[in-house]
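**Student:** Sequence isn't available, so here's the structure alone:
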Ligand SMILES: Cc1ncc(COP(=O)(O)O)c(C=O)c1O
């Protein structure tokens, strides 16, 4: 007898971010098709994809132009690489385009296949660069608690979340974390946003001094933290952090994997928060998730010593078989064209304002502690007790309950512990924002009723 997809999944798929044992009983939600901002599961139920997949499907699940761009490229040149001075048109066009549109002066684009790989590559390049500069001690990297930069060994070391370290023997040595910029949770009583930001900048400076300024290569940060719970930095945070980094000659890498291409209401999070990085990591909405791809943009200051070093040793010994893949580059170019033609960045800013207005209106709900957001990305911190801001004995239980209620109401999102994230496709319409927010309101009510019943 033929086994169902569910049975075969349980038998053979090793899932990411899943309780691998609980999966045997719970099984998968099998998604079969998508249209616009909606996906449909194998039972025929339709959902709004409230997180655009994994924050990436900016153009929605049925953009024919991306399919056509992919098909055209597969017919013309399905594969070529960039090792040993080789290249191809889509990669050249995309590198030129990304460097031209970057929010700070950049000179080169390096292509990889995931955000994790791009961050790993950035770290290797920083080490290579320090050696090139004759500063072999300058290898430490600073990132932040609750940051998310991926899961490969070095990227996971950058990530500041317990579940990415615990039982994996991570982080690696030389990765140092400073505090997360979550004002609502971390600020002291009476502290203003600016004072909180100043305290974090002081902590960063103290950390650099403690570690030794000549040992610190770079600071990595997401303009808005995504997977750590959608944390929007307090006023003046980036200004104050950048002043410290400049003072100690520490390079800044902006991880725009979620923020890039319109998510925060500007083309890049660096524009929204006035960040002038030395390198930028891009992925996700770059191809609207249709094909894996990431890019690392670097400025002259970052690049020139590496070029010298590769000239000295004879080769830059780093690269991926699929780096700059023509299929991915063609889809990325078409994605960027569509974002520009349809003016999806100002559209996302408008839809984001509607979404945030609706979420702020829910602040009076007994389960809502804090609403935060920038552009078309938002987080809602859930609480059982508004005064103590506590969400219950087991962190994550409340978030899991509300998230389950949200799925019952026809919206797929994700809870990061007790925060629910909203990050819908950029193409979402005004009516659809309303539909998603109505569903969230019903989900909150359903969760509150369930808590009332069960105590
Ligand atoms: C800011 C950020 N950086 C890096 C990554 C890692 O990307 P990937 O999952 O493609 O390795 C993510 C993934 O969510 C991310 O949000």
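**Tutor:** Good, I have the coordinates. Computed from a predicted structure; not experimentally measured. Numbering: from 1, shown residues only.
**Student:** hey, let's count contacts and neighbours off CA atoms from now on
**Tutor:** Noted.
**Student:** could you pull out the helices for the stretch 101-250 of the chain?
**Tutor:** Ranges of helices in the stretch 101-250 of the chain, per DSSP state H, counting those that start in this stretch, are 115-132, 153-158, 183-186, 193-211, 237-247.
**Student:** Nearest to the ligand, out of these?
**Tutor:** Closest to the ligand of the helices of the stretch 101-250 of the chain, according to C-alpha to the nearest ligand atom: helix 115-132, at 3.3 Å.
**Student:** From the contact counts, what lies against that closest one?
**Tutor:** Packed against helix 115-132, as judged by 3 or more C-alpha pairs under 8 Å, 6 or more residues apart in numbering; DSSP states H and E, are the following elements: helix 153-158, strand 216-221, strand 279-282, strand 294-298, helix 300-313.
**Student:** mind putting the ones you listed in CSV, mean pLDDT included?
**Tutor:** Listed next are those as CSV, based on pLDDT from 0 to 100:
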stretch, mean pLDDT
helix 153-158, 98
strand 216-221, 98
strand 279-282, 99
strand 294-298, 99
helix 300-313, 97
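**Student:** out of the ones you listed, deepest packed?
**Tutor:** Mean neighbour count (mean count of other C-alpha atoms under 10 Å) peaks for strand 279-282 among the helices and strands packed on helix 115-132, with a mean of 29.
**Student:** And the strands in the stretch 251-400 of the chain, which stretches?
**Tutor:** Here the stretch 251-400 of the chain has its strands, by DSSP state E, counting those that start in this stretch, at 251-255, 279-282, 294-298, 368-374, 377-382.
**Student:** elements contacting the second one?
**Tutor:** Meaning strand 279-282. If you count contacts as 3+ C-alpha pairs under 8 Å, 6+ apart, strand 279-282 packs onto helix 115-132, strand 251-255, strand 294-298.
**Student:** Which one of the strands of the stretch 251-400 of the chain lies nearest to residue 341?
**Tutor:** When those are compared by C-alpha to C-alpha, strand 279-282 sits nearest residue 341, at 20.4 Å.
**Student:** Neighbouring strands - and their directions - for the closest one?
**Tutor:** Paired strands of strand 279-282, with direction, are strand 251-255 (parallel), strand 294-298 (antiparallel) (DSSP bridges).
**Student:** Quick one: closest of the ones you listed to residue 394.
**Tutor:** Checked against C-alpha to C-alpha, the stretch from the strands paired with strand 279-282 lying closest is strand 251-255, at 30.7 Å.
**Student:** Do the closest one and the ligand come into contact?
**Tutor:** Yes - contact of strand 251-255 with the ligand (C-alpha under 6 Å from any ligand atom) involves residue 255.
**Student:** For the helix ranked longest in the chain, could you pull out the residues that count as buried?
**Tutor:** In the chain, taking DSSP state H as the definition, the longest helix is helix 430-454. For helix 430-454, the neighbour count (16 or more other C-alpha atoms under 10 Å) marks 432-433, 436-437, 439-441, 443-448 as buried.
**Student:** Right, and the ligand sits closest to which residue of the stretch 251-400 of the chain?
**Tutor:** For the stretch 251-400 of the chain, C-alpha to the nearest ligand atom, closest residue to the ligand: residue 257, 4.6 Å.
**Student:** how many neighbours does that residue have?
**Tutor:** Neighbours of residue 257 under the rule other C-alpha atoms under 10 Å: 31.
**Student:** Could you measure from it over to residue 246?
**Tutor:** Relative to residue 246, residue 257 is positioned 23 Å away (C-alpha to C-alpha, to the nearest Å).
**Student:** got it, and residue 104?
**Tutor:** For residue 104 relative to residue 246 (C-alpha to C-alpha), the value is 15 Å.
**Student:** just residue 88 next, same as before
**Tutor:** Applying C-alpha to C-alpha, the value for residue 88 to residue 246 is 37 Å.
**Student:** try residue 353
**Tutor:** With C-alpha to C-alpha as the criterion, residue 353 and residue 246 are 34 Å apart.
**Student:** Between those two, which has more neighbouring residues?
**Tutor:** Taking other C-alpha under 10 Å, residue 353 and residue 246 do not tie; residue 353 has more neighbours (18 against 11).
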